[in-house]
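A.B. asks: Okay, sequence plus prediction incoming.
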There are 2 protein chains.
Amino acid sequence: MGNRKRIVEMCLDLMNEEGSRAVGTSRIADELGISPGNLYYHFKNREEIVMVIYEDLDADFRAALVEDVHAPISPERFAGFFLRTLQVAWEYRFFFGGMLHLLRRDEELAARYAGLQAWAIDTIEGILTQLIKDRSLTRPKAKTGLRSMAINLWIVWSNWIRFIQVSDPSGEVRRDHLIQGVGQLLDILAPYLDPSFEKAGRRVLTRELKKFAEEAADPAS
Amino acid sequence: MGNRKRIVEMCLDLMNEEGSRAVGTSRIADELGISPGNLYYHFKNREEIVMVIYEDLDADFRAALVEDVHAPISPERFAGFFLRTLQVAWEYRFFFGGMLHLLRRDEELAARYAGLQAWAIDTIEGILTQLIKDRSLTRPKAKTGLRSMAINLWIVWSNWIRFIQVSDPSGEVRRDHLIQGVGQLLDILAPYLDPSFEKAGRRVLTRELKKFAEEAADPAS
DNA sequence: GTCTATACGCCGATAGAC
DNA sequence: GTCTATCGGCGTATAGAC
């Protein structure tokens, strides 16, 4: 039973490292020291492995976004939404990096991801609505403003990792980049946020950055 | 002399249509009715074709962003920046769609695109600074606010087409989607924009949308 | 400049023994 | 469940004739 899981995990690791395109079934088998035949005993084809990984991504992201949702939303929890979900984007970065190609070759995957995207934007809009109820956010003037904001958050969210990777092709992506991404997301909302709410949110980020710096300095992690 | 150019154009068309990964040298030659050997007479390898296309993209984008820059910036020209540059993103959409993979396999391309990105963000920041001088934009409170805004604009800009493609996998991307994208970019700046400036900018978009609707209704285009 | 022909390697996938 | 062996296809790229 173990090999099925090992295949999935190796596939995820390799694809995150080198991009989905660079990783084939033979490569996965090689790296695990198993035979191609064995791999094809566990999976019908390559697509199926990716689909299994996608299902994890889908579930992880939804969980990260709806976790801890009881109203009112505190600044700490709000920053937490962003940081947790960016963490998910990082864990499955191969998918966001090569998304278009993956979706083009697998209609079912395309439909499912389109569904996730639509759900995410709706959910983000819901969170913003809750913030307005909490008086932590002022409503934008235009009636479509909330949705537009949600879309911008989603686009920045789902492309932040790629942006970092492209900015410095030879550099690695670190946790502080993720925290910086949260700051970036917060900046979209900043003009509408209650000042003390915003300040508290930023404080969480500063704290996280400090924690990261300490961990980086102390290799006993 | 003609074939070299035809190869580049066919490559761009095919890749835009089906994604860079789906288009090989043999496919390009086939589609043009020329031989693979002929293609390799004109280009050292596949990478070289992509690089030639990239050079056009690079030049087109820079031109679109620095065109018509004399101060002060009118709302019409400002909307024009966005619309023109999104048009460029559309014309080279294969590149933005498969960017990460392309850059991973070609270090020179990666370096050049990183340079373009850095230049773009600086230039956008410069435009925002000019808007502040013009009193069309109020300066954000945080000192890093302008740069963050420029980065968010860039991320939404460079990923808008993909967002549309993924939102409706079976649908085509139309000009009105691009105009909607400009609205999306404008929404990032909206809270900082002078109200009459913003209104004038939006009016340009409405006019463009109307023009598009008329052209779509009248097939004599 | 353009063609035909072809080499080479890789990858996805299957057959069939153990 | 796992292996060995292998097939077929495709994509890049080259050699050499015209």
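C.D. replies: Sure thing, it's come through. Only a predicted model underlies this, so the values are computations on that prediction, with no experimental measurement involved.
A.B. asks: Sort out which residues of the top helix by length along chain A are buried, please.
C.D. replies: Longest helix in chain A by number of residues (criterion: DSSP state H): helix A:107-133. For helix A:107-133, burial by neighbour count (16 or more other CB atoms under 10 Å in any protein chain shown) applies to A:109-110, A:112-114, A:116-117, A:120-121, A:123-125, A:127-128, A:130-131. No exception for glycine: its C-beta is placed from N, CA and C like everyone else's.
A.B. asks: Spatially central, which residue of chain A would that be?
C.D. replies: Nearest to the geometric centre of chain A sits A:Ala89, at 2.1 Å (CA atoms, centre = their mean).
A.B. asks: which residue sits closest to that one in space, ignoring its chain neighbours?
C.D. replies: Once flanking residues are discounted, A:Ala89 sits nearest to A:Ile161: 5.4 Å by CB to CB, 6 or more residues apart in numbering or on different chains.
A.B. asks: In terms of pLDDT, where does the one you found sit?
C.D. replies: A:Ile161 carries a pLDDT value of 98.
A.B. asks: host element of it?
C.D. replies: Taking DSSP states H and E as the criterion, A:Ile161 maps to helix A:145-167.
A.B. asks: Please state the backbone phi and psi of the closest residue to chain B within chain A?
C.D. replies: Residue of chain A nearest chain B, by CB to the nearest CB: A:Pro191 (3.5 Å). A:Pro191 adopts backbone torsions of phi -60, psi -20, taken as degrees, to the nearest 10.
A.B. asks: Wait, it touches B:Leu193, no?
C.D. replies: No. A:Pro191 lies out of contact with B:Leu193 (CB atoms under 8 Å); the separation is 10.5 Å.
A.B. asks: can you tell me how far the residue in chain A that DNA strand C sits nearest to sits from A:Leu12?
C.D. replies: Distances between chain A and DNA strand C by CB to the nearest atom of the strand are smallest at A:Gly24, namely 2.4 Å. Distance, A:Gly24 to A:Leu12, using CB to CB, to the nearest Å: 15 Å.
A.B. asks: Compare those two and say which is more crowded by neighbours.
C.D. replies: Set A:Gly24 next to A:Leu12 and count neighbours by other CB atoms under 10 Å in any protein chain shown: A:Leu12 wins out with 22 against 14.
A.B. asks: Just list what the longest helix of chain A packs against, helices and strands only.
C.D. replies: If contacts are counted by 3 or more CB pairs under 8 Å, 6 or more residues apart in numbering or on different chains; DSSP states H and E, helix A:107-133 sits against helix A:46-66, helix A:75-91, helix A:93-104, helix A:145-167, helix B:145-167.
A.B. asks: pLDDT averaged over it, what's the number?
C.D. replies: On average, helix A:107-133 scores 97.
A.B. asks: what's the offset of that helix from the middle of its chain?
C.D. replies: Its chain's average C-alpha position is 13 Å from that of helix A:107-133, according to CA atoms, centre = their mean, to the nearest Å.
A.B. asks: got the angle for that helix vs helix A:93-104?
C.D. replies: Here helix A:107-133 points in a direction 120 degrees away from that of helix A:93-104 (axes from the mean of the first three to the mean of the last three CA atoms, to 10 degrees).
A.B. asks: one step back: burial check on the residue of chain A closest to chain B, number of neighbours?
C.D. replies: A:Pro191, neighbours per other CB under 10 Å, totals 18.
A.B. asks: if I look at it, how far off is A:Phe82?
C.D. replies: A:Pro191 is 17 Å from A:Phe82, by CB to CB.
A.B. asks: A:Lys141 should be in a helix, yeah?
C.D. replies: No. According to DSSP: H, G, I helix; E, B strand; the rest coil, A:Lys141 belongs to no helix; its state is coil.
A.B. asks: How many neighbouring residues does it have?
C.D. replies: Other residues close to A:Lys141 by other CB under 10 Å number 10.
A.B. asks: Next, the contact list for it, please.
C.D. replies: By CB atoms under 8 Å, 6 or more residues apart in numbering or on different chains, no residues touch A:Lys141.
A.B. asks: and it, backbone torsions?
C.D. replies: A:Lys141 adopts backbone torsions of phi -60, psi -50, taken as degrees, to the nearest 10.
A.B. asks: One more: A:Lys143?
C.D. replies: Dihedral angles of A:Lys143 (phi, psi; degrees, to the nearest 10) stand at phi -70, psi -30.
A.B. asks: Would you agree A:Val52 is in contact with A:Val8?
C.D. replies: Yes. Using CB under 8 Å, A:Val52 makes contact with A:Val8 at a distance of 5.6 Å.
A.B. asks: OK, contacts around the residue of chain A closest to DNA strand C?
C.D. replies: Applying CB under 8 Å, 6+ apart, we find A:Gly24 in contact with A:Arg46.
A.B. asks: A:Ala213 now?
C.D. replies: A:Asp176 are the contacts of A:Ala213 under CB under 8 Å, 6+ apart.
A.B. asks: Okay, and it sits in which element?
C.D. replies: If you go by DSSP H and E, A:Ala213 is part of helix A:195-217.
A.B. asks: count of residues packed around A:Leu209?
C.D. replies: Neighbour count for A:Leu209, taken as other CB under 10 Å: 15.
A.B. asks: Equivalent analysis for A:Phe94, please.
C.D. replies: When neighbours are counted by other CB under 10 Å, A:Phe94 registers 26.
A.B. asks: for A:Lys44, same thing?
C.D. replies: Neighbours around A:Lys44, by other CB under 10 Å: 9.
A.B. asks: for the one 10 residues further on, same thing?
C.D. replies: Number of residues near A:Tyr54 (other CB under 10 Å) recorded here: 19.
A.B. asks: which non-adjacent residue is nearest it?
C.D. replies: Once flanking residues are discounted, A:Tyr54 sits nearest to A:Leu109: 6.1 Å by CB to CB, 6+ apart.
A.B. asks: now do A:Arg203
C.D. replies: In this structure, A:Arg203 finds its nearest non-sequential neighbour in A:Pro75, 7.8 Å apart by CB to CB, 6+ apart.
A.B. asks: Report the contact partners of that neighbour.
C.D. replies: Taking CB under 8 Å, 6+ apart, one finds A:Ser136, A:Phe197, A:Glu198, A:Lys199, A:Ala200, A:Gly201, A:Arg203, A:Val204 in contact with A:Pro75.
A.B. asks: Surely the third one touches A:Gly183?
C.D. replies: No. Under the criterion of CB under 8 Å, A:Glu198 makes no contact with A:Gly183, lying 11.0 Å away.
A.B. asks: neighbour-wise, which of the two wins?
C.D. replies: For A:Glu198 and A:Gly183, the more surrounded residue by other CB under 10 Å is A:Glu198, and the numbers stand at 22 against 19.
A.B. asks: Let me see the contact set for that one.
C.D. replies: Contacts for A:Glu198 (CB under 8 Å, 6+ apart) come out as A:Pro75, A:Leu186, A:Leu189, A:Ala190.
A.B. asks: Just the pLDDT at it, thanks.
C.D. replies: Per-residue confidence (pLDDT) for A:Glu198: 98.
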